[in-house]
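**Q** everything below, folded, please.
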Amino acid sequence: MKRIVCAACFICMILLTVFGLYLENRPDNPGEPVYYRFSHKGLSLNVIAVRPDRILLTTVRQEGDIKAGGFCGINGGYFAMAGSAIPGPLCIAINDGVPVRAPGLRAGSADPYQNTGWYNAWGNAEGAATIVYDKLSGELKCLCVKSGYEIPAYVASAGSYWAQGGIDLALGNPGWLETMRQQGLTDYLETAVTYRSAMGFRDGTVYLFASENQSGLAAFRDAVASCLGVGPKPSTPEPAAASGSGLAAPARPDDARNKSASARHAILLDGYLCSQMLAVKKGGETFDGSRDCSLEEIIAVTGWNHAAVD
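**A** Just a heads-up that it's a prediction; the model follows:
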């Protein structure tokens, strides 16, 4: 009898250990950042899954591609190119109440915050989609705002959050295309077959997406939605390639976790040659998804060092 009890206790300990490792390593509760590839109907996405407290928004002032920033991560939102009257970010990009470009009066503008990352400089009167991480509450949310002036009303502290603006992909919304048009979607962004990037979240984890191959808007949106567990299953899901953590790929739509009420949102970031990613693959090898285009802003993953790349 004692042997049976001991055996049962031993089995319970093993099951608890395995279950604990599962909870610790699932991508919705990641320890270290994870890079992997995800395929949906022929479109391949490069994906980084990361805790929101590892995100830092930073500017490289169009001094080079994503490697110029010195961080792993992905490109930010749309920006006015060098040579424009007032170059700089055209979308919200704020750390702890401060835009990524230092405010200051520049020729051609009476507003020291213009094109610094303080405004979503397109869209309707209500603004554009902005993913916000409240560092004190640990909450991720997607707001529709025009500027950084509005965000403190939605966070615990005006000096303890980050916010990244874009165009709402309106996941799960049948009227998604009209929503995107209201937030500044141009004819080119709607119809072009090109490289695309996005930022999203589900269950407390941030996901950064950069397409491996060129696609239309609807196909890219569908792939992002599938990866985040909204919509049909991926056609050829690929396993994770974790960097030292053994994390699995995100839950599939038939996973029980996809039936929760947890919010899932995603925003469209810059595209074409500005769609770039730098990450660490399993085993420490660097994934170099840079392209020949200078960037204004990078959504950086801190504490995730990559090997030197040319």
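
**Q** next, count neighbours for the closest residue in space to residue 44 that isn't next to it in sequence.
**A** Leaving aside its sequence neighbours, residue 44 sits nearest to residue 212 (CB to CB, 6 or more residues apart in numbering; 3.9 Å). For every residue, glycine as well, the C-beta is placed using N, CA and C. Neighbour count of residue 212, defined by other CB atoms under 10 Å: 16.

**Q** and for residue 36?
**A** Number of residues near residue 36 (other CB under 10 Å) recorded here: 26.

**Q** bridging residues for it?
**A** According to DSSP bridges, residue 47, residue 240 are recorded as the beta-bridge partners of residue 36.

**Q** how about the closest residue in space to residue 158 that isn't next to it in sequence, secondary structure?
**A** Closest residue to residue 158 apart from its sequence neighbours, by CB to CB, 6+ apart: residue 152 at 3.8 Å. Following DSSP: H, G, I helix; E, B strand; the rest coil, residue 152 is assigned to helix.

**Q** isn't residue 152 up against residue 160?
**A** No: contact criterion CB atoms under 8 Å: residue 152 and residue 160 do not qualify, at 10.2 Å.

**Q** list the contacts for residue 72?
**A** 33, 48, 278, 279, 280, 300, 301, 304, 305, 306 (CB atoms under 8 Å, 6 or more residues apart in numbering).

**Q** select only the buried ones of these in ChimeraX?
**A** Paste this into ChimeraX to select the buried members of the contacts of residue 72, with burial taken from 16 or more other CB atoms under 10 Å:
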select :33,48,278,279,280,300,301,304,306
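
**Q** which two in the contacts of residue 72 are spaced the farthest apart?
**A** 48 and 305 (14.2 Å; CB to CB).

**Q** count the residues that sit near residue 293.
**A** Using other CB under 10 Å, residue 293 is surrounded by 18 other residues.

**Q** which residues touch it?
**A** Contacts of residue 293 (CB under 8 Å, 6+ apart): 65, 272, 273, 274, 276.

**Q** that one and residue 81: what is the separation?
**A** Residue 293 sits 10 Å away from residue 81, going by CB to CB, to the nearest Å.

**Q** likewise residue 149?
**A** Distance of residue 149 to residue 81, given as CB to CB: 26 Å.

**Q** residue 63 now?
**A** 13 Å.

**Q** quick one: contacts for the closest residue to residue 87 other than its chain neighbours?
**A** In space, and not counting its chain neighbours, residue 87 is closest to residue 80: 4.9 Å by CB to CB, 6+ apart. By CB under 8 Å, 6+ apart, the contact set of residue 80 is 86, 87, 88, 90, 115, 296.

**Q** how does it look with 10 Å?
**A** 62, 86, 87, 88, 89, 90, 114, 115, 121, 296 (CB atoms under 10 Å, 6 or more residues apart in numbering).

**Q** A helix includes the first one, no?
**A** No: assigned with three-state DSSP, residue 62 falls outside any helix and is coil.

**Q** near it, how many other residues are there?
**A** For residue 62, the neighbour count with other CB under 10 Å is 18.

**Q** before we move on, what about residue 178?
**A** Per other CB under 10 Å, the neighbour tally for residue 178 reads 12.

**Q** got the buried residues for the helix or strand containing it?
**A** Using DSSP states H and E, residue 178 maps to helix 176-182. In terms of neighbour count (16+ other CB under 10 Å), helix 176-182 has its buried residues at 176, 179, 180, 181, 182.
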